[in-house]
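>>> The following comprises the amino acid sequence and a computationally predicted model.
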Amino acid sequence: MVDATVEARLLDFNSPVDVPLLDATVKLMYSGTEQQRSEAEKVVLKFQEHPQAWTRVDTILELSQSQETKYVALQVLENVIRFKWGALPLEQREGVKNYLSSLIIRISSNAELYRKESTFVNKMNINLVQILKQDWPMRWKSFIPDIVAASKTNETLCENSMKILKLLSEEVFDFSRLDLTQYKTKEMKQTLSNECKMILDLCVFVLMNTKVIDLIRATLDTLSVYLTWVPLGYIFSRPELLQILLQLFPQPAFRNLALQCLTEVGSLQLSDPTSGQFEQFYLFFIQQLVQVVPPQTNIPDVYERAKDDEQKFVQNLALFITGFLRTHLAALEGPSTEEALLQGLQYLLQISRVENMEVFKTCLDYWNYFVLEVYSSCCADNGTMSGNLAAGASAGPPLFFGAALPAEDASGAATNGSRSRKKMYEKVLSSLRDLMIVRMAKPEEVIVVEDENGNVVRETMKDNDVLALYKQMRETLVYLCHLDYEDTERQMLEKLRQQQQATYHQGRWSWQGLNTLCWAIGSISGSMAEEQENRFLVMVIRDLLNLCESTRGKDNKAVIASNIMYVVGQYPKFLRAHWKFLKTVVNKLFEFMHEVHPGVQDMACDTFLKICHKCKRKFVILQPVEQEPFISELLSGLTNTIQDLQAHQIHTFYEAVALTISSEGDAIIREQYLQRLMTPPNATWAGMMAQINAANAAAAAA
């Protein structure tokens, strides 16, 4: 029990602090009964908030036997540094600074003690950096030279110095806006930039002279932070830095940290791109990478079984390749580096198939950039580049282009004699099309989904991340289709044939496989020539309808139905040009409106509304070989069509029909259609009123 006597003794700042009593109180705060924890917490909080509590920190740190108590004392010190530092006399500030520095050096100089007290030292490092934010550089100008000089005297001390330097960089360049003025931030950034050469020299010195694993890891960790902002001249003034990083990369203990450093260097842009430094850098890296990850490695399979560090390596490798190639792609397209470039892209294709969404997004960002680069260069070679694209503007995917891409001779050179990127990347682009198809994200229109239990259900909430992913993948696939529409069509139709021929026993049929294929088919609407698109869509819809007829199981039929509805809704231009096909599609939608599987009716009504927006005139004019306009036929079977729909679905259906009727130019005929449309709800209303009148009459008679 924490009684009043204990509280009085701990809060008596006229006497020396009773450290054992404070240890006991803090222990109760963490391990006592609920009442003891509550009482101890109140006492400790009062102690921390006392204006003189910080004067007892040194005694507590020297005498306490409890890590928790030391942490409480360091929290007191941190609050003073952050909020009251400027109000302390200069002598007291110097005393705190010297004591904290001395204590850090004393513990860090002893390897065994440093490992034992690592949490304690890390908290002291944070407090020291908080002091630096207040006093450096004006009142502690020698800090960087001092810490660099001290680091060369002891390896454990050097390891901790690296952690302090990393914290300092993060506070100045990443978090300064949170609690520093703009002037103070600018001053600290300028000073750190001026003195960063000493820090980089220290990092190189350590990496060249130590074999202590923890020290090398700490140095690489710090180096990766500084490389994000350090001036280019400092990096390339020490060529041995890059050599050391490339030599450390194959070693498992340093692989991830070295790769993070290499990623920062590889993403830099030199003022002289013809120097050849990055080409040599990339060639040597690929040679090392082949030793670490042989080209025949199935990266997605290995990733599934890998440990956290190995999975992190795959993610870091994706960041390196995408960052390097985004900056230096053109420089690597020469004869001496082309093979290594293509090998790097093959690695990235493998990584893109890893079942990790963050890794995939990293790769997708690059692929989107890559295909635009290839497409833009092809169009520029042929003189068909649009103004916006030629200027580098992002105007969205080119859905309708009248000009063809440059023709190529047998050697793969464009007709104007330039090196054809399209030919160089032919295999990469083909593999990328396959990747986009098999991993296509779900578009907004699709509301029939598979839940976590493997059941087909109606989607209840839109996922904005998935929608953004779909838009980016759609744009990428559209560019790929423009680069080679024949390969795009071939791959899609081949995958659809596989779905048709598949059986459950063969293991090739899957909802996800069909879904992504159909989403991809729908996403490229408008990217082919009209004649080719017409032929392509006829084959797709025919195969999907056959698949729906031949497949058993309500869930399977629901999945196929949702895909049919999505695909037809994406090609309104084709539907407008082919009346028989349009009629067949709409009648199929009416069939789906009787399917009570979750989501199918909703999607059928939504798709019908979407088609009516684009094709409404086709329904009110008399088509060849028809006896009457389709709207009249629809109204004749209206009651049967909507009999299985729910109220909100009927509303959507009525909106679609009303939209169609509005396109009728003859006011008299339009009025007739409208009367026929409203017959069922008017009859329902009349029946309800009759029931009410009958009930009222019966009540009056009683």
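Good, I have the coordinates.

>>> So, low pLDDT: which residues of this protein?
1, 272-275, 383-419, 448-461, 503-509 (pLDDT under 70).

>>> Where do the strands of it begin and end?
Assigned by DSSP state E, the chain shows strands spanning 448-450, 456-458.

>>> Okay, buried residues for the lengthiest helix in the chain please.
Ordering each helix of the chain by length in residues (DSSP state H) puts helix 667-701 first. Within helix 667-701, the residues scored as buried using 16 or more other C-beta atoms under 10 Å are 670, 673-674, 676-677. Glycine gets a C-beta too; all of them are placed from N, C-alpha and C.

>>> just checking, what packs against it?
Using 3 or more C-beta pairs under 8 Å, 6 or more residues apart in numbering; DSSP states H and E, the elements in contact with helix 667-701 are helix 630-636, helix 638-642, helix 647-661.

>>> Now do the shortest one: everything it contacts.
In this case it means helix 638-642. With contact meaning C-beta atoms under 8 Å, 6 or more residues apart in numbering, helix 638-642 is reached by 590, 593, 634, 649-650, 653, 657, 676-677, 679-680.

>>> Identify the farthest-apart pair in those residues.
Using C-beta to C-beta, those span at most 19.8 Å, a distance reached by Gln649 and Arg676.

>>> quick revisit: now the helices and strands packed on helix 667-701 in a markdown table, with distance to Ile213?
A markdown table is the format used below for the helices and strands packed on helix 667-701 (distance: least, C-beta to C-beta, whole Å):
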| stretch | distance to Ile213 |
| --- | --- |
| helix 630-636 | 76 |
| helix 638-642 | 72 |
| helix 647-661 | 64 |
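
>>> will you turn those helices into JSON lines that also has mean neighbour count?
Converted to JSON lines, those look like this (neighbours: other C-beta atoms under 10 Å):
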{"stretch": "helix 630-636", "mean neighbour count": "18"}
{"stretch": "helix 638-642", "mean neighbour count": "16"}
{"stretch": "helix 647-661", "mean neighbour count": "18"}
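
>>> and the gap between the closest residue to Lys97 other than its chain neighbours and Met138?
Among residues not flanking Lys97 along the chain, Ile131 sits closest, at 5.6 Å (C-beta to C-beta, 6 or more residues apart in numbering). In this view, Ile131 and Met138 are 13 Å apart by C-beta to C-beta, to the nearest Å.

>>> Going by distance to Met162, which of the buried residues of helix 667-701 wins?
The closest of the buried residues of helix 667-701 to Met162 turns out to be Leu677 (C-beta to C-beta; 76.6 Å).

>>> OK, contacts around that closest one?
By C-beta under 8 Å, 6+ apart, the contact set of Leu677 is 635, 638, 654, 657-658, 661.

>>> Kindly indicate which of those lies nearest Ala340.
Proximity to Ala340 was ranked across these by C-beta to C-beta; first place goes to Val657, at 61.3 Å.

>>> circling back: pick out whichever of Ile131 and Met138 has more residues nearby.
The neighbour count for Ile131 versus Met138, taken as other C-beta atoms under 10 Å, is higher for Ile131 (22 against 10).

>>> if I look at that one, how far off is Lys163?
15 Å.

>>> Check Ser66 too.
For Ser66, the distance to Lys163 - C-beta to C-beta - is 24 Å.

>>> One more: Leu493?
Computed with C-beta to C-beta, the distance linking Leu493 and Lys163 is 58 Å.

>>> on that earlier part again, just confirm the residue nearest to Lys97 contacts Trp85, I think it does.
Yes: counting by C-beta atoms under 8 Å, Trp85 is a contact partner of Ile131 at 7.4 Å.

>>> And Val354, its phi and psi?
Main-chain torsions, Val354, degrees, to the nearest 10: phi -70, psi 140.
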